[in-house]
Each structure stands twice: as structure tokens, then as C-alpha cells.
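build me a model:
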Amino acid sequence: MADIHDIDGGNDGVQGPDQGPLVPYVPPITHTWRVSFARFVGKCRAGVAHIFSPPSRTSVSHTRKQARKQKWALRTVWLMGLPAYFGVSAVLGVLMWAGQDMPDTSPLWAPKSTPLIVVLDRYDREIFRTGGVEAKPVVLADLPKALPHALIAIEDKRFYSHPGFDVIGLARAVQANFKAGHVVQGGSTLTQQLAKNVFLTRRQTLKRKVQEMMLAVWLEYRYSKTEILEIYLSHVYFGGGTIGIESGSQRFFNKPARELSVGESALLAGILQAPDRLNPVKNTPASAVRTAQVLRKMRARDYLTDAQMHAAITDPIEIEPMQIKTLASAAYFTDWVLARVDKETGAPRHDIVVHTSLDMHAQLAAQAAVARGVDTKRNAQQAALIAFDGTGGVRAMVGGASYQHSPYNRAVRAKRQPGSAFKPFVYLAAMQAGYTPWDVREDKPIDIDGWQPGNFSNKYKGWLSLETALALSINTVAVSVAEELGRETIVRTADTMGLHGFKPYASLALGAQETTLYDLTSAYVPFANWGYGVEPYGLEAVYGADGQVLYERPATPKHRLLDTQILERMNVMMRTVVSAGTGKAAQLEGRDVAGKTGTTNDYRDAWFVGYTPDYVAGVWVGNDDNSKMSRVTGGAIPARIWKDFMTQALKDVPASRLPSATRPTTIALTIALKDQNLENLLANIEKTLP
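Residues are numbered from 1 along each chain as shown. Predicted structure coming up:
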């Protein structure tokens, strides 16, 4: 029988004749935790003994190396720890500094009502009021899902994961702004925006930003994400005094927020970045681009399918604004001035009173003149008018033929070519260079690098004074003078007068570059106010319900742009435009009137900008689609609208005189020497004499 312990050739057991029964062999315990611990203790003892024993000669160098390593280790710890200490101390210090005067958080729980906004004219007559209505609380479950989805997609895609501020978004915004050299991207989360809108001022300071982040963290701790969205949508601002998603939905779509479509939700979410610039009523193209951007962001976040996104982009969004303004509300002006209020004071949180430069008497005269002047039979569908006083204050503003049909403000937003209404700035540059209104130039065909400008009549009159050339709006002479002076000189002159962004193109003198009626008309103001530059304005002051001053227009020092001689000569020339030239339809009996007409190619735009010592007013007539009118020139419908307005606006204002130079008696002889056809020339000059 084989030995059962003799397996695999091993000998795991031993049995002798004098031994007891077979016992298995057990090796000594050498790898238990006790042995390991004993070895560790032994090494520690040896190490301690080594430290306290005198070093041998062979270990001195090793000890020095160890000492150096320990020294550098201590230095490293010190150098790393010191900045960390100061950094933590600085952060704590900033938090304590910002937290000393944290704002009151009670507005979050106060009864909700939209602020009452009252707008007054320059004589404290009420022209508009809005707000003062109790706002309904927002319940997220009652709203279409597309609304919060659109908001999160475009404003705060990490809303559900951040603690109130988004480090990634903030870093990306800093990088983008640094690269662009100016602010192109914000880094605030929805929670930060809520903190800013409800609790903080608009001042851009470090302290306000720190408080914003602290409040955002507090809001995230205090409320759920759903509650934060509900509070945000209750306080969100759509411009023009419209606060809250319900008010916004009623303002732009005339329906409750629960009925908003995907496209409408995206449009409202898109407005929030810039409520005035992206207003779908005032700036439809920009609003459409922004809405499409929101929809694409929603698709990227899987809130929409491709089909839903394309359907929302392609389906037209019908804007049906709630009609809350009447003729007496100066609707175009109040829209514009409330946007200025937003810019200066931020979204109103409390009742405010807005004081403006508007004269309601002049405003009603302007609205009536535009309504009477639009001529649909000649395909002149739209018109705009703006009037300034000598300080640059807006006295009247009409942005279109009908606010109810189109709230788009053409007086301040529509950029169109001014045509010959730009020519006064060419001749102003000439007067400043030493020319006189009685210098002569020949009206003849000219060629500038292949460009051959012609006259409106397609005829040439020969030698003319500059005064006559402006009065008859001769293109060739204006272009010739611009070439003599240099186009850059004309650009600088226009810029000084307030017309910015013009380029030195060959057609510069003929007004082939675009501007707004607001800018063009305000640039004429120095001709009427003895040569002083102005900063046009409409907002005078904003007061809280308790009388607190929220904004006052800063006093601007007088700066004279035109000396007396230059001013008098320009007035001579532009008076002749009205007395004997293309602007005769604007004559006012018993009053000094000066101005200039403008008509662009194919009768697409017609202008008249004119002035008395009291008002400077500009009128534009045309079509939104840039279609041709039926032979409408600046001396026709625009001049008649201007006269109609001025007749009523100045009804009770005593007449006064514009500063004007005396025409030399030798002018006829000077021109006669330049041409053999003396009889025709003298007749032409006679037309320009008062």
C-alpha cells in the first residue's frame, strides 16, 4: 500500500519506530502582521539610533545631502504655503468687504406689481403712462417646456449643474472679451442675472460683481432650480417697462405665456440679451436672426429634433403687439426715450417719473403733418419727421405714417442715402478753407476715374456761383469742390458736425452713403444756433416716486464749431435754396428759413432738412422696401410736410432772424466775365437775390 503522504515526490511527514502517530509538517510563521510590525519597529529603533549616534566619516556627505534636501523641502512648503495663505486671506477679505452692505433681499417676497412709469413733456404734461398692475406669479408647470428650454439653451446651458456661478462660462467670456478688445460675451448665469436684476444696481464695480456671485450662491442654496426659474421669469425685463414673462407675452403676442409656440418662446428668450436692439417690433431682422440662433442652441442641447427646429425657423412668427398707445402718447418717441431710460438707469424696479425734451404741441403738429403728407397715389408709403431745438433737444419725433400699423421708428433706425441733403457739408468745408458763396465754378461734364456724375436735369448751366450751385443742387460743382478740397477733408468736416462713419468715396459729395434722419438733422443744428455743437437728447431726468434723482442729463459745455463769418455764409447759401432754389415749397411767410433738399436715384428717397432760429426739422419720405416713388423729390412732399409742421409748431412763436452775410454787389460782374451769355447769367443770379 502506498504511503498516502508520499505524493508528488514530497516527504511531508516523518514516521519512526519510536514516534507517535503521523503529524503534518507546519512551517514557521514568517509573514504574519506581527512579524511585519516587529520588523517595522526594529527599523524605527535603528533609525533613531542612527540619528542620535555620532556620524562616521563615511556618512558625513550623505547627511549633508539629506540636510540640503530637508532645507529645500521646507523652503518649497513655505513658498507654496505663503501664497496660499495670502490667497485665502484675500478671498475671505473680499467676501467680508462685499458682505458688509449686502442689499435687502425682501423684494424677492414682496407683492409683485409692474412699476408705474409716467412720461412727461418739457412742460410737465403727461404724454404716456404704463405699469402699476399686479403681476401674476409664474408657475413653471403651467408654461410650455420650450420656454425654459430656450432660456437655458441661450443664456445658461449649465444651469442645472452649477452652484450659482459658472467657472467655465466665466473663463470663456474673459477669453473672448480679451481677444476682441471689448465686451462681446457675458459670463453671468441665470441665477446671477436674477441677483443683479432684483437686488443690485447697474454700476460695473468689483464689489457689485462679488455681491452678485454671493447672492447667486445664496439663491441656489435657498431655492430649487425650478423655483429660481420661476422667480427669474417673474422679474425678467423685455424693455419699455415690460417686466415678467406674462407681460412680455402679452406685449408682443397679445396672448398668455402658456400659449406660446416654440418659435415664440425662442424669440422671447432671445430678446433678453438686448431688449431694445432685439425688439421684434422695432428691429425685425435682428430679432429673426437671434431667434434662429436660440433654436439652433436648443437643438444642440437636444431640446428639439431637427424637424422641430427647422419647422420653428421656417414658420413665420406673427407679431401682434398689444395696442396700449394712442395718438396723444407720442408712441414713437416714448418707445425711444424709454430705451434711453433703460440704458441710463436699468430696468425699473419701482415707480418712476420720466422728464423729456418733447413739446407735445409740436409733437401733435408733426404727427398731423406726416399723416396729411403721405401720398400713396405716388407710391410714397412712409414718412418720418424729427425736430430739434437749439440745444439738441428733441421737440417732436414721428417714426412712420402709422404707429398702429408699423411701430418701427424710421426717424432713428432707418439708414438711407441722404442725396443732396449732404451737400451743405461739402460747402461748409469749402467755406472753412477760404471759399466764399460767390466764388464761381463751371457746371460741365466731369470724369473721375471713369465715374461721370450728371445733374438731375441732365443739362449743364456753365459758370455759376457756389451759392447758385447749391440752390439749384448742381451735382458737378459739388463733386468738383470736393475733389479740390480732398474727400478726406469732407469726411472730417461731416464727422465734426456729428455725421460719423462716412468714407472718402468719389460719390461722397452726392450723399451716396447711408445715415439716419436723426443724425442728419442734428448735424444741421449748429447752422441755426450760432455755430455751437450739440449732443442730441430726449431724456432730461428720471425721478423715483419719492423724488430721488435716478438720472439727470449732464450739463454739456458749449463748444463752438463754426465762427460767425462761416455761419453767415452758410446761411446765405441755404436761405437761397428756399427762396429761389429747390426748396421753395418750404417757404414760411414772414420767417427766415434755410435748408436743403435731397433726392436719391430713381426717387427711392426724398429729404428736406430745414431750419429757422427756433427749430431744426428734417423730413424723409420713401418706402420700407426701397421701391421707387413716382417722381417724388425732396422739394415736393418732404418740403410740404416740413412747412405744414413748422406753420403749426411756430404758430405762437415770434419771428426772428438767422445770422446771414451781405451779398457783394460785384457778384454779377464777376460771373459775367466767365461767360459770354451775360443775359442768362444775370437772370440766374436774380433768382438767388432776396
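
strands along the chain, start to end?
For the chain, the strands defined by DSSP state E occupy 117-120, 126-130, 352-356, 382-388, 394-398, 440-443, 462-465, 539-544, 549-552, 594-599, 605-611, 616-622.

dump the ones you listed into JSON lines; add mean pLDDT and distance to Arg251 as well.
Using the backbone N, CA and C atoms, a C-beta is placed for each residue, glycine as well. Formatted as JSON lines, the strands of the chain follow (pLDDT from 0 to 100; distance: least, Cβ to Cβ, whole Å):
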{"stretch": "strand 117-120", "mean pLDDT": "94", "distance to Arg251": "14"}
{"stretch": "strand 126-130", "mean pLDDT": "90", "distance to Arg251": "10"}
{"stretch": "strand 352-356", "mean pLDDT": "96", "distance to Arg251": "18"}
{"stretch": "strand 382-388", "mean pLDDT": "98", "distance to Arg251": "23"}
{"stretch": "strand 394-398", "mean pLDDT": "98", "distance to Arg251": "21"}
{"stretch": "strand 440-443", "mean pLDDT": "94", "distance to Arg251": "55"}
{"stretch": "strand 462-465", "mean pLDDT": "93", "distance to Arg251": "55"}
{"stretch": "strand 539-544", "mean pLDDT": "96", "distance to Arg251": "21"}
{"stretch": "strand 549-552", "mean pLDDT": "95", "distance to Arg251": "23"}
{"stretch": "strand 594-599", "mean pLDDT": "98", "distance to Arg251": "36"}
{"stretch": "strand 605-611", "mean pLDDT": "98", "distance to Arg251": "32"}
{"stretch": "strand 616-622", "mean pLDDT": "98", "distance to Arg251": "28"}
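
do you know which of these lies nearest Ser660?
Nearest to Ser660 among these is strand 594-599 (8.5 Å), distances taken as Cβ to Cβ.

who are the packing partners of that closest one?
Strand 594-599 is packed against helix 517-528, helix 564-580, strand 605-611, helix 637-649, with contacts defined by 3 or more Cβ pairs under 8 Å, 6 or more residues apart in numbering; DSSP states H and E.

return the most buried member of those.
Stretch with highest mean neighbour count among these: strand 605-611 (a mean of 30; mean count of other Cβ atoms under 10 Å).

give me every residue that touches Ile566.
Counting by Cβ atoms under 8 Å, 6 or more residues apart in numbering, Ile566 touches Leu428, Met431, Gln432, Gly531.

burial measure for the last one, as a count.
Gly531 sits with 19 neighbouring residues when counted by other Cβ atoms under 10 Å.

that one and Leu428, how far apart?
11 Å (Cβ to Cβ, to the nearest Å).

which neighbours do the two have in common?
Applying Cβ under 8 Å, 6+ apart, one finds that Gly531 and Leu428 are jointly contacted by Leu562, Ile566.

any idea how far Met629 is from Gly164?
Distance from Met629 to Gly164, counting by Cβ to Cβ: 57 Å.

cool, and Trp607?
Relative to Gly164, and taking Cβ to Cβ, Trp607 is found at 53 Å.

so can I have TSV of the strands of the chain showing distance to Ala195?
TSV is the format used below for the strands of the chain (distance: least, Cβ to Cβ, whole Å):
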stretch	distance to Ala195
strand 117-120	23
strand 126-130	26
strand 352-356	22
strand 382-388	39
strand 394-398	35
strand 440-443	65
strand 462-465	67
strand 539-544	21
strand 549-552	20
strand 594-599	50
strand 605-611	47
strand 616-622	44
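
which stretches of this protein have low pLDDT?
1-113, 133-135, 174, 177-178, 181-186, 200-208, 322-328, 663-690 (pLDDT under 70).

break it down into its domains, please.
Under the assignment automatic domain parsing, the domains of the chain span 136-336, 364-688.

for the stretch 151-300 of the chain, which segments are assigned as helices?
With helices called from DSSP state H, counting those that start in this stretch, the stretch 151-300 of the chain shows them at 167-180, 190-199, 206-222, 225-235, 245-253, 262-271, 284-300.

from these, which stretch is densest packed?
Most buried of the helices of the stretch 151-300 of the chain by mean neighbour count (mean count of other Cβ under 10 Å) is helix 262-271; its value is a mean of 26.

between the contacts of Ile566, which is nearest Ala639?
Ala639 has its nearest neighbour among those in Leu428, at 21.4 Å by Cβ to Cβ.

ok, the closest one touching Arg492?
No: the pair formed by Leu428 and Arg492 falls short of the contact definition of Cβ atoms under 8 Å, at 11.0 Å.
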